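Colleague: take a look and give me a structure for this.
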Amino acid sequence: MNYFNFKEIISVTLILFSVIDIVGSVPVIVNLRKKTGHVQSEKATLVAGGIMFAFLFVGNRILGLFGVDVSSFAVAGGLIIFLIGMEMVLGRNIFHHEDLEASSASIVPIAFPLIAGAGTMTTLISLRAAYEIQNIVVGVVLNLIFIYLVLKSSGYIEQKLGKGGLEVMRKVFGIILLAIAIKLIKDNFFLVHQLS
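Modeller: The predicted model follows:
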């Protein structure tokens, strides 16, 4: 029995990386930094991580209160991931809100909803239907490390990639998300059908 599955860890990490889209959010972070003068990278990362882990471990119980099984939620999650992918490819803003305020800027909107927003929470529960919990935890931790690094060096990243580079990266990850969403819906739709 393999406790950690490298393939699953890579898959989970890439899925979360695409959904969180922290690189695509660099322009928002840079704009926030210009308005407030400072972004607390450590605080934003820790709060986002707390939200993500809480939803990862308690999400099933929340679903249980509403009488919803994980496979049904995975299909719903797949639809949301599909919409996020469409948003990234078409350049439409559905889930990201840019209501930027100087007070508590590291928490709102960076930690929530920019990092640990509706799409991330839905994805975490959807991943539980397809991957082992320990591999998801490693994937979350790897993303949090990357998020921290991006927050710390957002100005440098923007300068190096440029607006065009960020846009290309966003569209590429959008296409990857669309493919992941279709697979997630396909794999769990039949399970929902069998349970009903």
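Colleague: just name the shakiest helix or strand of the chain by mean pLDDT.
Modeller: The weakest-scoring helix or strand in the chain, judged by mean pLDDT, DSSP states H and E, is helix 26-36 (a mean of 72).
Colleague: what angle separates the very next helix or strand once past that one from helix 26-36?
Modeller: Using DSSP states H and E, the helix or strand that follows helix 26-36 in sequence is helix 41-65. Put simply, helix 41-65 runs at 120 degrees to helix 26-36, going by axes from the mean of the first three to the mean of the last three Cα atoms, to 10 degrees.
Colleague: the helix or strand hosting K7 packs against which elements?
Modeller: Per DSSP H and E: K7 is located in helix 6-20. For helix 6-20, the elements it packs on are helix 70-90, helix 118-128, helix 133-152, helix 154-195, judged by 3 or more Cβ pairs under 8 Å, 6 or more residues apart in numbering; DSSP states H and E. Placement of C-beta: from N, CA and C, glycine included.
Colleague: if we go to 6 Å?
Modeller: Here helix 6-20 touches helix 118-128, helix 133-152, helix 154-195, going by 3 or more Cβ pairs under 6 Å, 6 or more residues apart in numbering; DSSP states H and E.
Colleague: quick revisit: what angle separates the least confident helix or strand of the chain from helix 154-195?
Modeller: On the basis of the same axes, to 10 degrees, helix 26-36 is oriented at 130 degrees to helix 154-195.
Colleague: send the alpha carbons of helix 26-36 over as CSV?
Modeller: These are the backbone C-alpha positions of helix 26-36, laid out as CSV (Å, rounded to 0.1, in the frame of the first residue of the first chain):
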residue,chain,number,x,y,z
VAL,A,26,-0.7,39.1,-9.8
PRO,A,27,-2.1,42.3,-11.5
VAL,A,28,-4.8,42.5,-8.7
ILE,A,29,-2.1,42.0,-6.0
VAL,A,30,0.1,44.6,-7.6
ASN,A,31,-2.8,47.1,-7.7
LEU,A,32,-3.6,46.3,-4.1
ARG,A,33,0.0,46.9,-3.0
LYS,A,34,0.0,50.2,-4.8
LYS,A,35,-3.2,51.3,-2.9
THR,A,36,-2.2,50.0,0.6
